[in-house]
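*Asks:* Just to be clear, the model below is a prediction. Sequence and coordinates:
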Amino acid sequence: MPGNMTFDTLKAEVAAGRIDTVLACMVDMQGRLMGKRFTASHFVESAWEETHCCNYLLATDLEMDTPDGYASTSWAAGYGDYALRPDLATLRLVPWLEGTAMVLCDVVDHHSHEDIPHSPRAILKRQIARAEKLGLTAMMATELEFFLFKGSYDQLREEGYRNLKPFVPYNLDYNILGSTKDESIMRPIRNHLVAAGVPVENSKGEAEAGQEELNIRYAEALDCADNHSIAKQAIKEIAWQHGASATFLPKWHRSRVGSAAHIHLSLWKDGAPLFFDKSDKHSMSTEMKSFCAGMIAYANDVTAFMAPYVNSYKRFMRGTFAPTRIAWSVDNRTAGFRLCGEGTKAVRMECRIPGSDMNPYLAQAALLAAGLKGMEDNLELGVPVTGEVYTDGKLPDIPRTLEAATEALRGSTMLREAMGDGVVDHYVRAAEVEVEAFANTVTDWEIARGFEKA
Ligand code: ADP
């Protein structure tokens, strides 16, 4: 069970007065939880079946604007409703909020009750179903890197995000003393998430001042994405409860290392790891090789789903553990794809391209689509790269800008076949909205550079 509470248990907890609030949440295009706070008695009486939301929730941006150009909805169409259908398997306690439970919802059409195709959960479920048709289970893990800063979100906003002070002022990588200083925030994050049914394995200090990482045990792809979204919400809320701020902006400072959300992938068949072949040099099965060849062949096509904002591309910088090139390696952290668990049943590929700002449902779906296409076409995996990949000029670059990634997405026959034209066009528009918003902004950098000297 992905959650940790049955509907009957919820009803009993509500009757006993221990739960008074139920959060009914959908996942939006940005990977955020959006929804309503129900009085628990109303939820168990009727809302557990269905509730509603304005359909602009899947046609907006980080600022909740109403950009034009979406086929799904608009001012002209009157911004009507979608139905939200609680997925009761995801019901769980939210231990960091008093008397509260949470359920994730699928976004469905009001009348037909079919999944809305461009809803992130529906997009991932479609690729999972494709794998299941082949008897395959996609297992994934996402790593959540983020920065903790001193001061609340409100305080930092009022100060214009200037003079940001990392919660711990030095590189925290694996540093137990340094990360002890974060424990007032990190311990409740780990423990509350476990009590919410999210199987946290560990947290660790990361390779920059104020940077932390949370690792969650790998799970079936949909559970993995659900766990990621809930964990991200918990991290922000628990930091806020402690008067601090957590950010998943990948690059908050040009000379600081950015935050990633690496994705680990493996396929399983009949309960056994399909990627493992002990007779192979790197213990990779034929299926694993063609799956990984697919992810590499289509890395350009899927980058917009792994790096969805202008800022995401600032992270791809030499010498920061973030990749800059599309290549696979055996346990080499300078490549976009890193083989992990070589020689063991846990053999898997880690994709290091996604930033901490990715929407996990979209990034996982896109990688799965690329890998499955590689298997269908029996693509051949080249030899692994060695040495410092950053400086190997023969290897292709990860798209350098959101514009370049958007054009690759627009032109992707692979994703159009896997996800449908409507879905691809929808997210092309989302990326264009980001590019347009940035083009219409005058940045601090331009003013500082040109005010006197231009
Ligand atoms: P790292 O050295 O990258 O920190 P970890 O051992 O912490 O590696 O593992 C990273 C993630 O990989 C964890 O979330 C773990 O649950 C996940 N993982 C382990 N085995 C598999 C597998 N077979 N398929 C997918 N993910 C896996």
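*Replies:* On my side now, so go ahead.
*Asks:* how about the helices in the stretch 151-300 of the chain?
*Replies:* Using DSSP state H, counting those that start in this stretch, the helices of the stretch 151-300 of the chain run over 153-158, 176-180, 183-195, 221-241, 286-297, 299-306.
*Asks:* To which secondary structure element type does Gly3 belong?
*Replies:* coil (DSSP: H, G, I helix; E, B strand; the rest coil).
*Asks:* low pLDDT regions in the stretch 301-450 of the chain?
*Replies:* The model of the stretch 301-450 of the chain has no residue with pLDDT under 70.
*Asks:* taking the mean pLDDT, what do you get for stretch 92-100?
*Replies:* For stretch 92-100, mean pLDDT rounds to 98.
*Asks:* go on, stretch 220-238?
*Replies:* Mean predicted confidence for stretch 220-238 is 98.
*Asks:* Can I get it in PDB, CA atoms only?
*Replies:* Taking C-alpha atoms only, stretch 220-238 is exported to PDB below (Å, rounded to 0.1, in the frame of the first residue of the first chain):
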ATOM      1  CA  GLU A 220       7.300   1.400  -8.300                       C
ATOM      2  CA  ALA A 221       7.400   4.400 -10.500                       C
ATOM      3  CA  LEU A 222       4.100   6.000  -9.400                       C
ATOM      4  CA  ASP A 223       4.800   5.500  -5.700                       C
ATOM      5  CA  CYS A 224       8.300   7.000  -6.300                       C
ATOM      6  CA  ALA A 225       6.800  10.100  -7.800                       C
ATOM      7  CA  ASP A 226       4.100  10.400  -5.100                       C
ATOM      8  CA  ASN A 227       6.800  10.000  -2.400                       C
ATOM      9  CA  HIS A 228       8.900  12.700  -4.000                       C
ATOM     10  CA  SER A 229       6.000  15.200  -4.200                       C
ATOM     11  CA  ILE A 230       5.000  14.500  -0.600                       C
ATOM     12  CA  ALA A 231       8.600  14.700   0.600                       C
ATOM     13  CA  LYS A 232       9.200  18.000  -1.100                       C
ATOM     14  CA  GLN A 233       6.000  19.400   0.500                       C
ATOM     15  CA  ALA A 234       7.100  18.200   3.900                       C
ATOM     16  CA  ILE A 235      10.600  19.600   3.500                       C
ATOM     17  CA  LYS A 236       9.200  23.100   2.800                       C
ATOM     18  CA  GLU A 237       6.600  23.000   5.500                       C
ATOM     19  CA  ILE A 238       8.800  21.600   8.200                       C
END
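*Asks:* Report the buried residues of it.
*Replies:* By neighbour count on 16 or more other C-beta atoms under 10 Å, the buried set for stretch 220-238 is 221-238. The C-beta positions use only the backbone N, C-alpha and C, and glycine is treated the same way.
*Asks:* so Pro308 touches Ala430, yeah?
*Replies:* Yes: using C-beta atoms under 8 Å, Pro308 is in contact with Ala430, at 7.3 Å.
*Asks:* quick one: the strands in the stretch 201-350 of the chain?
*Replies:* 211-216, 219-220, 244-247, 263-269, 272-273, 328-330, 337-340, 348-351 (DSSP state E, counting those that start in this stretch).
*Asks:* Show me what from this structure comes close to the ligand.
*Replies:* Residues of the chain lying close to the ligand (C-beta under 6 Å from any ligand atom) are 139-141, 201, 215-218, 264-266, 273, 340, 346, 348.
*Asks:* and with 8 Å instead?
*Replies:* 139-143, 201-202, 204, 213, 215-218, 262, 264-266, 268, 273, 275, 338, 340-341, 345-348, 350 (C-beta under 8 Å from any ligand atom).
*Asks:* Find the nearest non-adjacent residue to Asp277, please.
*Replies:* Ser285 (4.0 Å; C-beta to C-beta, 6 or more residues apart in numbering).
*Asks:* follow-up on the earlier one: please type out the PyMOL selection for whichever of the residues of the chain next to the ligand turn out to be buried.
*Replies:* Buried subset of the residues of the chain next to the ligand, written as a PyMOL selection, criterion 16+ other C-beta under 10 Å:
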select buried, resi 139+140+141+142+143+204+213+215+216+218+262+264+265+266+268+273+275+338+340+341+347+348+350
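*Asks:* on that earlier part again, need the helices of the stretch 151-300 of the chain in JSON lines with distance to Thr9, can you?
*Replies:* As requested, the helices of the stretch 151-300 of the chain are exported to JSON lines (distance: least, C-beta to C-beta, whole Å):
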{"stretch": "helix 153-158", "distance to Thr9": "34"}
{"stretch": "helix 176-180", "distance to Thr9": "35"}
{"stretch": "helix 183-195", "distance to Thr9": "14"}
{"stretch": "helix 221-241", "distance to Thr9": "18"}
{"stretch": "helix 286-297", "distance to Thr9": "39"}
{"stretch": "helix 299-306", "distance to Thr9": "36"}
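*Asks:* Give me whichever of the ones you listed is most buried.
*Replies:* Ranked by mean neighbour count under mean count of other C-beta atoms under 10 Å, those are led by helix 299-306, which reaches a mean of 27.
*Asks:* Ends of stretch 41-60, what's the gap?
*Replies:* 31 Å (C-alpha to C-alpha, to the nearest Å).
*Asks:* ugh, wrong one, I meant stretch 168-181
*Replies:* For stretch 168-181, the end-to-end distance is 7 Å (C-alpha to C-alpha).
*Asks:* Show me how far that stretch is from its chain's centre.
*Replies:* 25 Å (C-alpha atoms, centre = their mean, to the nearest Å).
*Asks:* How about stretch 79-88?
*Replies:* 21 Å.
*Asks:* Same question for stretch 243-262.
*Replies:* 14 Å.
*Asks:* and the end-to-end length of it?
*Replies:* End to end - C-alpha to C-alpha - stretch 243-262 spans 28 Å.
*Asks:* what does the average pLDDT come to for it?
*Replies:* On average, stretch 243-262 scores 97.
*Asks:* Glu206: what's it in contact with?
*Replies:* Contact analysis of Glu206 by C-beta atoms under 8 Å, 6 or more residues apart in numbering lists 145, 172-173, 212-213, 257, 259.
*Asks:* Closest to the ligand out of those residues?
*Replies:* Using C-beta to the nearest ligand atom, Glu213 is the member of the contacts of Glu206 that lies nearest the ligand, at 7.9 Å.
*Asks:* Same list (the strands of the stretch 201-350 of the chain) but as a markdown table, adding distance to Ala439.
*Replies:* Shown next, in a markdown table, are the strands of the stretch 201-350 of the chain (distance: least, C-beta to C-beta, whole Å):
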| stretch | distance to Ala439 |
| --- | --- |
| strand 211-216 | 30 |
| strand 219-220 | 39 |
| strand 244-247 | 24 |
| strand 263-269 | 30 |
| strand 272-273 | 46 |
| strand 328-330 | 35 |
| strand 337-340 | 32 |
| strand 348-351 | 29 |
